[in-house]
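A.B. asks: Return atomic coordinates for the entry below.
(one chain, ligands or ions: 1)
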Amino acid sequence: MSRVLTEHSIDHVVLERGEVGNSWRQERWDSLRLLTPNWLNRLPGYAYAGSDPDGFMNMTQLVDFITGYAADIAAPVRTHTTVTGVRPIEGGYQVATDRGEIHCRSLVLATGANNIPRVPDLHRAVPQAVQCLTTFSYRNPEQLPPGGVLVVGAAATGVQLADEIHRSGRPVTLCVGEHVRLPRSYRGRDILWWMEKSGVWNQRYDQIDDLERARRLPSPQLVGTPGHCNLDLNTLSGAGVEIVGKLAAIRDGRALFSGGLANQFALADLKMERLLDSFDAWARDTRVDAELGPVERLAPTHVPASTRLSLDLRSGEIGTIVWATGYRPDYRWLEVPVLTHKGELRHDGGVVTEAPGMYALGLPVLRRRKSTFINGAEADARELAKHLAAYLADRGRRMDASVAGAKA
Ligand SMILES: Cc1cc2nc3c(=O)[nH]c(=O)nc-3n(C[C@H](O)[C@H](O)[C@H](O)COP(=O)(O)OP(=O)(O)OC[C@H]3O[C@@H](n4cnc5c(N)ncnc54)[C@H](O)[C@@H]3O)c2cc1C
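C.D. replies: Numbers count the residues shown, from 1 in each chain. Have a look, this model is predicted:
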């Protein structure tokens with residue numbers, strides 16, 4: 001957004017509570033690599049220029065990439081400046097920070113979608129002897145106490161952590177609810193190449209039938225590894241991870257899992273098939289078929305002969321629970337009545353219509369399916385900056401008119 005505001009000659013400042021790239025420095029586990037390939041992580045006027053465009057950055061490389069970008073565009077970032085309050089004032093907003101106050105006419109909330117791990121209330125019933133970790137407090141398998149590990153959630157984070165912890169030699173049980181299954185590569189191309197080229201990733205928010213649902217979809221079961229491997233439930237169960245249903249309750253120290261895994265698997269497989277069918281149709285229609293490998297399909301997700309429906313958390317079998325149940329944004333500092341009762345921001349494609357001059361960036365399916373990814377920032381920022389520039393120009397005209405009126 002800073003780069004695009006500069007293109008519009010809009011004077012601005014970027015406030016950051018930590019260092020540039022703070023969330024990647026502070027809030028991720030040690031082994032994490034992006035699941036988006038290097039060539040895809042484009043920012044306005046900036047792209048990966050290294051020797052491994054198909055590879056996946058680790059956190060050190062990503063922080064270097066983002067700090068390099070901030071320097072390249074001379075972004076006016078004030079680091080170590082935490083926003084502690086925002087409230088409306090005549091003609092704009094008053095922004096309180098731990099380093100003083102700022103008044104602005106317009107404000108972009110780019111504080112991220114993943115500020116707080118989302119942990120279900122039932123965590124309160126976990127017996128004391130079991131250690132609970134979130135995706136913010138988990139760093140690596142060495143920090144875990146002895147015993148098995150229950151990983152709750154099978155989106156990108158859950159499957160990656162289940163895999164890593166299982167490889168460290170601990171028994172892992174993975175709780176699986178609704179999930180999105182994708183192959184890493186399809187017909188010789190990375191799955192995100194297909195997402196981008198076919199236009200699926202670019203689908204606009206106002207063309208999506210059930211936007212609320214699209215915004216709540218779990219992240220796809222993908223991992224970025226040098227071997228470009230698949231990481232789905234078949235890979236995990238084949239390696240020895242125990243798959244159980246969604247964690248439905250914890251009662252008297254027993255974790256109770258939903259049945260119906262076969263249905264969950266069938267649904268995820270069906271959606272993956274449909275997506276791949278749509279890719280095939282796109283490849284036929286655009287005549288890129290000849291450059292691609294043959295049509296291929298993954299085996300359906302294997303349904304175990306029987307699955308446990310409960311597990312005694314007091315038996316000592318499980319030493320740790322890792323909650324990989326998603327994230328939510330944190331707007332506790334926003335003293336403007338634009339939040340739902342769940343603390344979510346009300347906005348129309350990033351325009352906070354109830355608060356003139358206020359915008360949001362980086363939220364799920366904000367203006368496009370790709371909005372929450374690094375690659376999605378550019379298109380959204382360009383459209384929002386255009387709106388913001390028009391808003392400031394209109395406001396300027398009105399002020400000029402009222403000054404002229406007062407003089408007359
Ligand atoms: C585990 C994980 C893996 C991911 N993997 C990928 C991937 O492979 N590829 C991809 O494209 N995307 C990935 N994402 C999504 C990724 O987070 C976004 O693409 C990207 O970080 C969005 O950038 P952002 O600037 O909007 O948010 P963030 O990167 O979260 O940045 C928000 C910034 O705001 C700062 N901030 C927050 N509150 C305040 C405050 N009150 N005052 C001052 N500063 C504040 C934070 O310190 C932070 O630096 C992943 C997300 C997670 C959680």
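A.B. asks: The nearest residue to Ala96 once chain neighbours are set aside - how many residues pack around it?
C.D. replies: Leaving aside its chain neighbours, Ala96 sits nearest to Gly85 (3.8 Å; criterion: C-beta to C-beta, 6 or more residues apart in numbering). Placement of C-beta: from N, CA and C, glycine included. Neighbours of Gly85 under the rule other C-beta atoms under 10 Å: 13.
A.B. asks: how near is Trp29 to Thr157?
C.D. replies: To Thr157, Trp29 is 9 Å away according to C-beta to C-beta, to the nearest Å.
A.B. asks: So for these two, which sits in the more crowded spot?
C.D. replies: The neighbour comparison of Trp29 against Thr157 (other C-beta under 10 Å) goes to Thr157, with 26 against 20.
A.B. asks: that's a strand at the more buried one, yeah?
C.D. replies: No: under the criterion used here (DSSP: H, G, I helix; E, B strand; the rest coil), Thr157 is helix, not part of a strand.
A.B. asks: In terms of pLDDT, where does the closest residue to the ligand within the stretch 201-350 of the chain sit?
C.D. replies: The ligand sits closest to Trp333 of the stretch 201-350 of the chain, with a gap of 5.3 Å, by C-beta to the nearest ligand atom. We have a pLDDT of 97 for Trp333.
A.B. asks: So it is in contact with Val86, correct?
C.D. replies: Yes: if you go by C-beta atoms under 8 Å, Trp333 and Val86 touch, sitting 6.3 Å apart.
A.B. asks: Looking at those two, which is more packed in?
C.D. replies: Val86 (21 against 15).
A.B. asks: from what I can see that one touches Thr97, true?
C.D. replies: No: with contact defined as C-beta under 8 Å, Val86 does not reach Thr97; the gap is 9.8 Å.
A.B. asks: so how many other residues sit close to Glu296?
C.D. replies: 11.
A.B. asks: residues in contact with it?
C.D. replies: Listed by C-beta atoms under 8 Å, 6 or more residues apart in numbering, the contact partners of Glu296 are Tyr186, Arg187.
A.B. asks: again, only using 7 Å
C.D. replies: Applying C-beta atoms under 7 Å, 6 or more residues apart in numbering to Glu296 gives the contacts Arg187.
A.B. asks: Point out the residues in the chain that sit beside the ligand.
C.D. replies: 15-18, 22-23, 28, 34-36, 82-83, 110-112, 114-115, 157, 327, 333, 361-362, 372-375 (C-beta under 6 Å from any ligand atom).
A.B. asks: Where does Gly405 sit: helix, strand or coil?
C.D. replies: Taking three-state DSSP, the label given to Gly405 is helix.
A.B. asks: Tell me, how many residues neighbour it?
C.D. replies: 8.
A.B. asks: Just the pLDDT at it, thanks.
C.D. replies: Per-residue pLDDT puts Gly405 at 77.
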